[in-house]
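Visitor: sequence unknown, structure follows:
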């Protein structure tokens, strides 16, 4: 016959084991693809026959930091936010400050707002999507727009040194 003390010890060990082992749902969440990370993004603007690249980092708190180079060779930085909107689908909005356009000499800067929807592939190592770019002068007036932007991102992984 098993004593009450032995039963209590076994029950305590069982509770500790259940707490220590993740539930199947937690294991499933851990194995699902996540957007967080840094990507090399290629941006295609067919209406301008232009392609450019940027580095974009999606953080776990839903913010974005982007850096790239303009057509004129000027380094650019953008900030933004992202949110999951479906299975492997994400809505992304970034804002970029850059120097003024020649047709708006009264302004010292312009703001580019980029709205995009991206879909992460099953392996969570790349994405594709579409974007719309709206360009505002320093007074908040819309001065340009591109609705035909295609984007592709490739996750950048740790590259250990050869030892």
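Guide: Arrived safely. Keep in mind that this is a model prediction, so the values were computed, not measured.
Visitor: all helices for this structure, in order.
Guide: Counting by DSSP state H, one finds helices in the chain at the ranges 4-20, 24-31.
Visitor: what about the shortest one, average pLDDT?
Guide: Looking at helix 24-31 alone, the average pLDDT works out to 36.
Visitor: please shift the residue numbers so they start at 210 in all later answers.
Guide: I'll keep to 210 as the first residue from here, and by that count the last item is helix 233-240.
Visitor: now stretch 348-362: buried residues?
Guide: 352, 355, 358, 360-362 (16 or more other C-beta atoms under 10 Å). C-beta coordinates here come from the backbone N, C-alpha and C atoms, glycine included.
Visitor: ok, now stretch 280-300?
Guide: Neighbour counts over stretch 280-300 (16+ other C-beta under 10 Å) mark 285, 287, 289, 291, 297, 299 as buried.
Visitor: can you list contacts of that stretch?
Guide: Identification of contacts with stretch 280-300 by C-beta atoms under 8 Å, 6 or more residues apart in numbering yields 242, 244, 259, 261, 263, 267, 271-279, 301-305, 307-308, 321, 323-331, 336.
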